[in-house]
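*Asks:* pasting a predicted model and its sequence here:
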Amino acid sequence: WRRISCFWAISDPFFWGTYPRMFSENSAALGGIADQLSPRKGVVLMTQNPPLQTNHEFLGRGVDYLGFLGTQLRNLRGFTTLAYELIQNADDTEGASEMRFHFSPRALVVDNDGVFSDCGQVSADQCPWLEERGSRCDFHSFRLVAGGEKRGRADTTGAFGVGFLAVYQVTDHPELISQNRHWVLDENQPEDRRIRVCPGCPTCKTGDLPGTRFILPWALDAGSPIRVRLQVDAITHEAITEFSQELLKSLPTAMLFLRRLTRIEILNNGDHIESFERIIDQNQVLIAKGTKTDHWFLIQDNFDDKA
């Protein structure tokens, strides 16, 4: 044992009136065993540190990464949850005002006109902005799972950094394109190889790219390593249709709580399906869908004043 700790719970007032001085005077003789006395709590903490042996065997202790992802994913199941997470991530992107969901036979493509913030040193383990500005750039934040980066930023809705994991309901290898960077994720790889940096391809060199694009190739293979390790089913064509229908139903409500996005469009194989617009009119929030407009009254207050 490298450290032995003993706790004595003593409530006798005679002890606390008599023995602290004795322990203090004799701590040297005891070889440092009495490290701390806490009369207030009635606890004596005794520690002892034997010399470190050089012939010990050491074993690693880590995290089952894909097991962790699978557990988080089970808490994020449901197409409505996935829709909300994708919308929230877009709304948290600086400069974003419009978003687009494009369903195709191969993938779901999610665009917005904002851009990922970039410190210019995204391959470094630590983001220089963390010390300079108090928060990481978006690319460094994206590299961390459950990093909690958004929790301390007042201009974002996200908090714990796990919401993006909801995409693994429908994809094995999500792709990110923003600021001339194209990253492809493979969570089945070792930690230092989970993001493949594309050197340049037709997908990321096309001239009509938005500010930020996520490509989510449909996970159609139930036997893929990611599906097996995460213990989730493959996506089916019926489920893709269900997802698009769920998105249409959930968008009006989701848009009520946005900060930046004012317009969201849904396409299927390049064809326009529906678009929604959010308009702030004094004390009202208007959600427009074609010729139909829903009016929501906006009530604002704060809790600064004591009740």
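*Replies:* Nice, thanks for sending it over.

*Asks:* going forward, measure contacts between C-alpha atoms and count neighbours the same way
*Replies:* Will do.

*Asks:* can you count the residues close to Q189?
*Replies:* 11 (other CA atoms under 10 Å).

*Asks:* mind listing what it touches?
*Replies:* By CA atoms under 8 Å, 6 or more residues apart in numbering, the contact list for Q189 is empty.

*Asks:* so it sits in a strand?
*Replies:* No - the assignment for Q189, made by DSSP: H, G, I helix; E, B strand; the rest coil, is coil rather than a strand.

*Asks:* how near is it to L256?
*Replies:* Q189 sits 39 Å away from L256 when distances are taken as CA to CA, to the nearest Å.

*Asks:* repeat that for A107.
*Replies:* 27 Å.

*Asks:* which element is S275 on?
*Replies:* strand 271-281 (DSSP states H and E).

*Asks:* give me the contacts around that strand.
*Replies:* Strand 271-281 is contacted from outside by 248, 251-252, 255-256, 261-267, 285-290, using CA under 8 Å, 6+ apart.

*Asks:* adjacent strands (with direction) for that strand?
*Replies:* strand 263-268 (antiparallel), strand 284-289 (antiparallel) (DSSP bridges).

*Asks:* okay, the angle between the helix or strand that the last one is followed by and strand 284-289?
*Replies:* Of the helices and strands lying after strand 284-289 in sequence (DSSP H and E), the nearest is strand 292-297. Direction vectors for strand 292-297 and strand 284-289, defined by axes from the mean of the first three to the mean of the last three CA atoms, to 10 degrees, enclose an angle of 160 degrees.

*Asks:* elements contacting strand 292-297?
*Replies:* strand 284-289 (3 or more CA pairs under 8 Å, 6 or more residues apart in numbering; DSSP states H and E).

*Asks:* what's in contact with the strand it packs on?
*Replies:* Applying CA under 8 Å, 6+ apart, the contact partners of strand 284-289 are 252, 255-256, 274-280, 293-298.

*Asks:* what kind of secondary structure is W129 in?
*Replies:* Per three-state DSSP, W129 ends up helix.

*Asks:* residues contacting it?
*Replies:* Applying CA under 8 Å, 6+ apart, the residues near W129 are C119, S135, R136, C137.

*Asks:* equivalent analysis for E175, please.
*Replies:* By CA under 8 Å, 6+ apart, the contact set of E175 is H182, W183, V184, L185, F214, I215, L216.

*Asks:* any idea how far Q300 is from the last one?
*Replies:* I take that to be L216. 37 Å.

*Asks:* and the two? Which one has more around it.
*Replies:* The neighbour comparison of L216 against Q300 (other CA under 10 Å) goes to L216, with 21 against 6.

*Asks:* so is the more buried one in a helix, a strand, or just coil?
*Replies:* strand.

*Asks:* which residues touch it?
*Replies:* Taking CA under 8 Å, 6+ apart, one finds A107, L108, V109, V167, V170, T171, D172, H173, P174, E175 in contact with L216.

*Asks:* how about L76: what's its closest non-neighbour residue?
*Replies:* Using CA to CA, 6 or more residues apart in numbering and skipping the chain neighbours, the partner closest in space to L76 is A166 (5.6 Å).

*Asks:* that neighbour should be in a helix, yeah?
*Replies:* Yes - according to three-state DSSP, the state of A166 is that of a helix.

*Asks:* I figured it hits A83, correct?
*Replies:* No - taking contacts as CA atoms under 8 Å, A166 lies outside contact range of A83: 9.0 Å.

*Asks:* neighbour count winner among those two?
*Replies:* Counted by other CA under 10 Å, A166 and A83 do not tie: A166 has more neighbours, with 24 against 21.

*Asks:* ok, so of the contacts of strand 284-289, who is nearest V63?
*Replies:* Set against V63, the nearest of these by CA to CA is M255 (36.7 Å).
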